[in-house]
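>>> this is a predicted model, with the sequence first.
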2 protein chains.
Amino acid sequence: MNMVDIILKKREGGKLSEDEIVFFIEGYTDGSIPDYQAAALLMTIYFKGMDKEETYQLTKAMKNSGDVIDLSSIKGIKVDKHSTGGVGDKTTLVVGPLAAACGVPVAKMSGRGLGFTGGTVDKMESIPGFKTSIEAKAFIELVNRVGLSVIGQTAHIAPADKKIYALRDVTATVDNLSLITSSIMSKKLASGSDAIVLDVKCGNGAFMENIEDATRLGQLMVDIGTSDGKKTIAVITDMSQPLGKAVGNSNEVIEAIETLKGNGPEDITELSMTLAGIMIFAGEKASSMEEGHSMAKEVMDNGKALEKLRLFIEGQGGDSKVMDDYSLFPQYKEKIDVLATADGFVWSIGARSIGLASQHSGAGRATKEDQIDLSAGIYISKKVGDKVTKGDVLVSVYGMDRDKIEKGAKEAEKAFTITQEKPERTKLIIKILE
Amino acid sequence: MNMVDIILKKREGGKLSEDEIVFFIEGYTDGSIPDYQAAALLMTIYFKGMDKEETYQLTKAMKNSGDVIDLSSIKGIKVDKHSTGGVGDKTTLVVGPLAAACGVPVAKMSGRGLGFTGGTVDKMESIPGFKTSIEAKAFIELVNRVGLSVIGQTAHIAPADKKIYALRDVTATVDNLSLITSSIMSKKLASGSDAIVLDVKCGNGAFMENIEDATRLGQLMVDIGTSDGKKTIAVITDMSQPLGKAVGNSNEVIEAIETLKGNGPEDITELSMTLAGIMIFAGEKASSMEEGHSMAKEVMDNGKALEKLRLFIEGQGGDSKVMDDYSLFPQYKEKIDVLATADGFVWSIGARSIGLASQHSGAGRATKEDQIDLSAGIYISKKVGDKVTKGDVLVSVYGMDRDKIEKGAKEAEKAFTITQEKPERTKLIIKILE
């Protein structure tokens, strides 16, 4: 077997066998297949596509390129939740406690933020004392005891994906359904949960700009997860504006706490309830998604979910007093309010611009090595559909460094379109695929 | 400007500008653009194609990646001849003297053989004393004095082509018209001749298996040469069997000498006359290709071309006595005759198998570092259409090493198909494009 023949086969429209896909992934991971042959194959896949079976074999080979986590010592059906990347998406911090409070164990590995999207690990670390690099034993013990733990992703999960992802980025082969699916699902399948709930974002701030593409991606991920024996459900959700009002790190944790207290923005609350309901159903603690939704509402209303969050924070070394006293979070020094320059309605808020503004303010990273400012971020006062009067604060940008927040404010300003006409309300939850 | 945007533009079906093509070629040649991005772009070009203008810009950028030879100190219109690669093709050694004898200067750079095709430089070096690595000054002096010189290609001709050609070979991006054209023509345009005659092979032993593909390649090369201000003419010729009867090195030189003496195989004689006629026309020593053909016949018949060959051999340090005494060439020690196992007619002779048999016998190289056996090679006794009787010698394989020629004989045997029906005669010269 050799790479030229494999590239040629795909180039001529052939279907790659499991052996050929394993040969590629193992060889590329161990370095015996060079970048240029991998690049040629990726571009060929871009043009000729992969069917469902090939995509599954690719995903499986990538999963098997590194450690596959064994969570069997955790009782119950472990459910993972994954979002395809949004701006202001702090739902993990809300749905984790909701699901755990309903008896569904959540043992989650999360990443750090890069570019204009944030990462749960960074957000959690804005809680004084909170550690995301805990031992596997402590992780499992915490999930068994509290029902929830979140740790940083280790280097040994799907190393093939790391190499391929980096290569796709520099060879214009990012936007292919099979490659996106294998990248996301190889990590999810290696992470050891029994069921997976996927939040597939759709809209101007997301990878998939329209519902058709998002549906194709969601359905393929569901099929791949199912092929691997995991219950997999995907929710297509609207991402045509940032989720909630806070974008950054500590401010997003505060918004998540407020949501669990029942005071969250409407969109975050609705999305969290839906996702938690599906997780509770996938974890077999409810007989339907609707029942799961009611259970999630109950543990939110009776404070049990908030209590789970407290135990989770304490379990990972964090100071849970932040939940009652937000002044214990890192505090920003500088703030700029961006004001409306005319009367009207907010027609749209570019999620990508808000994400970039947050990154510029110091809350995000341009490169992996950058240090982030945990106090920095964005607060959106006016969301899509809101009426504004000239001089109203649309959005605030804050952080430690004046130059950075000035740059952030310039970007945030670009995000807003104000019109005389009031936009129609869009649906947040577009569809559910299983 | 950056490579990802260039790949993306081509991927989306865009037309690359001169600046973008130059950026790619310069960056790839100097190493600032890595192999993997070049591989991704080549595969994108394979799928999306390049138009004539892009192909010309690519060729020009590759030509300008290294030295562009200045032959202006050679009087007259210098004419180059290039073949797209055949088995048993010794026409350079015939048409060079024919054209030179008619007053057309031929200043040729040639390559060594690799794989199943031979190279003129190796063939010439089978003449005792002959040197192909002579100084530029001596090369030019010899062309001015005799009208003909052949040297090995220096490292500085189109280095971009060397890198791209090596990359195409390992990324399944060899068979694309624009990439083939730019590879051949960048070297031709850098080699300094004023006019170019291309022999585009067509058939089972050639790159292009059918007339349509060969015509498309020939026409594109003519267009690119013309765009660069060189008179360019392409001849599509049949390569469904090896050219002539001898395949190897010294045996091919002997066959070329015999052809100039008027005793050559019919196909070599016809092809050489046609190519030489076109060269004489392109070099403006005849007013039509037909007149050029008659002039070539005249200098063959009156011995003037043979005399040019003698002066050329002596000019490059070779022992011209070989022309009258073939025993002065390297002599083989071992020989195997492959016999016909049935009566009938030779229906076909696989040129690729004969080329491989010659390589196996020791006459060719598997890798650039291999030493070749100048005495080794193949002699085809029966050509397509010949009647054979069981026990007749079809082909002989000879050389210094018994093991090698046994391997060669096995391969040579495979080349022959004997049938009861006599095949129709195929045309050698298929068409001329200008």
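In hand now; what should we look at?
>>> drop to CA atoms for contacts and neighbour counts, all remaining ones
OK.
>>> distance of A:I157 relative to chain B?
Applying Cα to the nearest Cα, to the nearest Å, the value for A:I157 to chain B is 24 Å.
>>> now swap in A:L394 and tell me
For A:L394, the distance to chain B - Cα to the nearest Cα - is 35 Å.
>>> likewise A:G27?
A:G27 sits 15 Å away from chain B, going by Cα to the nearest Cα.
>>> spit out the contact partners of that residue.
The contact partners of A:G27, by Cα atoms under 8 Å, 6 or more residues apart in numbering or on different chains, come to A:I33.
>>> list the buried ones in the helix or strand it falls within?
Element membership for A:G27, per DSSP states H and E: helix A:18-30. Residues of helix A:18-30 classed as buried by neighbour count (16 or more other Cα atoms under 10 Å in any protein chain shown): A:E18, A:E20, A:I21, A:V22, A:F23, A:F24, A:I25, A:E26, A:G27, A:Y28, A:T29.
>>> give me the residue at the spatial middle of chain A.
A:S83 (3.5 Å; Cα atoms, centre = their mean).
>>> so the closest residue to it other than its chain neighbours, which state does it fall into?
Using Cα to Cα, 6 or more residues apart in numbering or on different chains and skipping the chain neighbours, the partner closest in space to A:S83 is A:D199 (4.5 Å). A:D199 carries the three-state label strand when classified by DSSP: H, G, I helix; E, B strand; the rest coil.
>>> what about A:D199, neighbour count?
A:D199 has 24 neighbours, counted by other Cα atoms under 10 Å in any protein chain shown.
>>> same thing with A:I151?
Burial of A:I151 is recorded as 21 neighbouring residues (other Cα under 10 Å).
>>> for the helix or strand encompassing it, which helices and strands make contact with it?
Using DSSP H and E, A:I151 sits in strand A:148-152. Using 3 or more Cα pairs under 8 Å, 6 or more residues apart in numbering or on different chains; DSSP states H and E, the elements in contact with strand A:148-152 are helix A:91-101, strand A:106-110, helix A:120-124, helix A:136-146, helix A:304-315.
>>> tell me who's in contact with the residue lying closest to A:V393 once chain neighbours are set aside.
Distance criterion Cα to Cα, 6+ apart; nearest residue to A:V393, sequence neighbours excluded, is A:L339 at 4.5 Å. A:L339 makes contact with A:K390, A:G391, A:D392, A:V393, A:L394, A:V395, according to Cα under 8 Å, 6+ apart.
>>> now do the contacts for the residue in chain A that chain B sits nearest to.
Closest approach between chain A and chain B, counting by Cα to the nearest Cα: A:Y36, at 3.8 Å. Contacts for A:Y36 (Cα under 8 Å, 6+ apart) come out as B:D35, B:Y36, B:Q37, B:A38, B:A39, B:A40, B:T171.
>>> for those residues, work out which two are farthest apart.
Spatial extent of these (Cα to Cα) is set by the pair B:Q37 and B:T171 at 11.9 Å.
>>> who's the residue nearest to A:S83 bridged to?
Beta-bridge partners of A:D199, counted by DSSP bridges, are A:S83, A:V235.
>>> that one against A:I236, yeah?
Yes: contact criterion Cα atoms under 8 Å: A:D199 and A:I236 qualify, at 6.2 Å.
>>> how about the residues of the stretch 151-300 of chain A near chain B?
Within reach of chain B by Cα under 8 Å from any Cα of the partner chain, the stretch 151-300 of chain A has these residues: A:V170, A:T171, A:A172.
>>> hmm, try it at 10 Å
Remark: the part of the stretch 151-300 of chain A in contact with chain B comprises A:L167, A:R168, A:D169, A:V170, A:T171, A:A172, A:T173, using Cα under 10 Å from any Cα of the partner chain.
>>> quick one: contacts for the closest residue in space to the fourth one that isn't next to it in sequence?
Looking back up the chat, that one is A:V170. Computed as Cα to Cα, 6+ apart, the closest residue to A:V170 that is not its neighbour in sequence is B:V4, at 5.9 Å. Going by Cα atoms under 10 Å, 6 or more residues apart in numbering or on different chains, B:V4 touches A:R168, A:D169, A:V170, A:T171, A:A172, A:T173, B:Q37, B:A40, B:L41.
>>> what's the helix or strand for the second one?
Secondary-structure element containing A:D169, defined by DSSP H and E: helix A:159-170.
>>> again with the fifth one
Using DSSP H and E, no element contains A:A172; it sits outside every helix and strand.
>>> OK, contacts around it?
Under the criterion of Cα under 10 Å, 6+ apart, the neighbours of A:A172 are A:39, A:42-43, A:46, B:3-9, B:11, B:37, B:40-41, B:44.
>>> so what does it look like in phi/psi?
Main-chain dihedrals, A:A172, degrees, to the nearest 10: phi 60, psi 40.
>>> now it: how far from B:A40?
Distance of A:A172 to B:A40, given as Cα to Cα, to the nearest Å: 8 Å.
>>> any common contacting residues for these two?
Counting by Cα under 10 Å, 6+ apart, the shared contacts of A:A172 and B:A40 are A:A39, A:L42, A:M43, B:M3, B:V4, B:I7, B:L8, B:R11.
>>> can I get those residues in CSV including distance to B:L177, secondary structure and pLDDT?
Formatted as CSV, the shared contacts of A:A172 and B:A40 follow (distance: Cα to Cα, whole Å; DSSP: H, G, I helix; E, B strand; the rest coil; pLDDT from 0 to 100):
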residue, distance to B:L177, secondary structure, pLDDT
A:A39, 21, helix, 98
A:L42, 22, helix, 98
A:M43, 19, helix, 98
B:M3, 22, helix, 95
B:V4, 23, helix, 95
B:I7, 19, helix, 97
B:L8, 21, helix, 96
B:R11, 17, helix, 97
